[in-house]
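> Any chance you can model this:
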Amino acid sequence: METTRTIHLEDLSADNAMNLLGLQDNNLKILSSCFDVDITFRDDSFIIKECDDVTFGQIQEVLMALYEVVKKGQAVNERDVQYAYRLVSKSAKVDFNDLAKKVIGRTLSGKVIAPKTNGQLAFVEAMEHYDIVFAIGPAGTGKTYLAVIQAVAKLKKGDVKRIVLTRPAVEAGESLGFLPGDLKEKVDPYLTPLYDALHDMLGVEQTDKLIEKQIVEIAPLAYMRGRTLDDSFVILDEAQNTTPMQMKMFLTRLGNNSHMVITGDVTQIDLNGQASGLIDATRILKDIPEIKILHLSADDVVRHPLVQKIIESYDKVGSR
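Numbers count the residues shown, from 1 in each chain. Sure thing, here's the model as predicted:
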């Protein structure tokens, strides 16, 4: 039976109401659109028109989870609303508390960096407990960013002595050797996402100083051969573009007291028909308990909400 229902929130301050509803009630509009019902807010209460029991229960679960977020002084955005909706529509628990508790670090401006989805939380926890972690998933799931943040956090704590960032340097048919400049200038264009995360945590000046001192090392994958990486946090980004031999070479660089994080998106392989070392490695290593292999999904996308829809649409075409 459909009827008009009300959800009342006790002690909702004006600031919390603004953080919950969003600018110009945008979050409320998103919530109404997700559930395809008319939801309005008045006198600390949400009024839901023509709503059946199941939908009402789901809306209530989403609102109460988001209310817990704003009570901690945090604003809710469109992505949070849509993520909560996706969870409840799959009968999954909607709870942001575990995410908010897992603080990985802070930006230079003091902003807290924490996982924003359950998939990201699993990734962060895996990096804390495993020496080798594979994170495979679509663009926008925060794989690279979270890996760099974790690396910087471990460097600051003294758990590792250096950070090594590497990435396949041939992605679109252009050989590294034909690019102009010295080694750093050749590799830099491929490593922009890694620099972005470093700059967030350390600032440009501090990042440059650490690179000068080789505490943070930027190196193309080809330059890793023959090395043993002790006391290091090593990140291999865009790993879908490694060959099986390159991946084996990289993994066997692991030294004492070191950690490796390998990130990639198997839907964006640029190897012109060659086998991907990332796919090969996850198949070969899946039964080693000391290695964690995680798969993130469109639900873990933290970019613009349209990115998640784009990924899902491409996945549907790819599955035909």
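
> Please make it C-alpha for all contacts and neighbour counts, starting now.
OK.

> can you give me the strands in this structure?
With strands called from DSSP state E, the chain shows them at 3-8, 38-42, 45-51, 105-106, 112-113, 132-136, 162-167, 216-220, 232-236, 259-264, 291-295.

> Would you map the helices across the stretch 201-320 of the chain?
204-212, 244-251, 277-285, 305-318 (DSSP state H, counting those that start in this stretch).

> Out of those, name the one with the poorest average pLDDT.
If you rank the helices of the stretch 201-320 of the chain by mean pLDDT, helix 305-318 sits at the bottom with a mean of 71.

> I'd like the distance from it to the chain centre, please.
Mean-position distance between helix 305-318 and its chain equals 17 Å (Cα atoms, centre = their mean, to the nearest Å).

> Show me what that helix is packed against.
helix 78-89 (3 or more Cα pairs under 8 Å, 6 or more residues apart in numbering; DSSP states H and E).

> For the helix it packs on, output the C-alpha coordinates as PDB.
What follows is helix 78-89, C-alpha atoms only, in PDB (Å, rounded to 0.1, in the frame of the first residue of the first chain):
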ATOM      1  CA  GLU A  78      25.900  13.600  -4.300                       C
ATOM      2  CA  ARG A  79      28.300  10.700  -4.500                       C
ATOM      3  CA  ASP A  80      27.500   9.700  -0.900                       C
ATOM      4  CA  VAL A  81      23.800   9.700  -1.600                       C
ATOM      5  CA  GLN A  82      24.100   7.600  -4.700                       C
ATOM      6  CA  TYR A  83      26.600   5.200  -3.100                       C
ATOM      7  CA  ALA A  84      24.100   4.700  -0.100                       C
ATOM      8  CA  TYR A  85      21.300   4.200  -2.600                       C
ATOM      9  CA  ARG A  86      23.300   1.600  -4.500                       C
ATOM     10  CA  LEU A  87      24.100  -0.300  -1.300                       C
ATOM     11  CA  VAL A  88      20.500  -0.400   0.000                       C
ATOM     12  CA  SER A  89      19.200  -1.400  -3.500                       C
END
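
> Buried residues, it. List them.
When burial is assessed from 16 or more other Cα atoms under 10 Å, helix 78-89 yields the following buried residues: 78, 79, 80, 81, 82, 83, 84, 85, 86, 87, 88.

> hmm, back to that, and residue 100, which of the helices of the stretch 201-320 of the chain is closest to it?
helix 305-318 (20.4 Å; Cα to Cα).

> Report the angle between the closest one and helix 78-89.
50 degrees (axes from the mean of the first three to the mean of the last three Cα atoms, to 10 degrees).

> Contacts only, for residue 311.
Residue 311 makes contact with 138, 298, according to Cα atoms under 8 Å, 6 or more residues apart in numbering.

> Would you check how far apart it and residue 267 are?
10 Å (Cα to Cα, to the nearest Å).

> ok, residue 118 - contacts?
Counting by Cα under 8 Å, 6+ apart, the residues that residue 118 touches are 99, 300.

> now the one 5 residues further on
Residues in contact with residue 123, defined by Cα under 8 Å, 6+ apart, are 135, 294.

> pLDDT wise, what is it at?
96.

> which one among the buried residues of helix 78-89 gets closest to residue 41?
Closest to residue 41, out of all of the buried residues of helix 78-89 and judged by Cα to Cα, is residue 81, at 15.8 Å.

> Would you mind measuring from the closest one to residue 26?
Applying Cα to Cα to residue 81 and residue 26 gives a distance of 10 Å.

> likewise residue 114?
Taken as Cα to Cα, the span from residue 114 to residue 26 is 24 Å.

> So these two - more neighbours on which side?
Set residue 114 next to residue 26 and count neighbours by other Cα atoms under 10 Å: residue 114 wins out with 20 against 14.

> Could you find the closest non-adjacent residue to the more buried one?
Sequence neighbours aside, residue 103 is the residue nearest to residue 114 in space, at 4.7 Å (criterion: Cα to Cα, 6 or more residues apart in numbering).

> And for that neighbour, the neighbour number?
Neighbours of residue 103 (other Cα under 10 Å): 13.

> same thing with the one 5 residues further on?
Burial measure for residue 108: 13 neighbouring residues, criterion other Cα under 10 Å.

> swap in the one 5 residues further on?
Other residues near residue 113 number 16, with proximity taken as other Cα under 10 Å.

> Before I go, just wanted to say thanks for your time.
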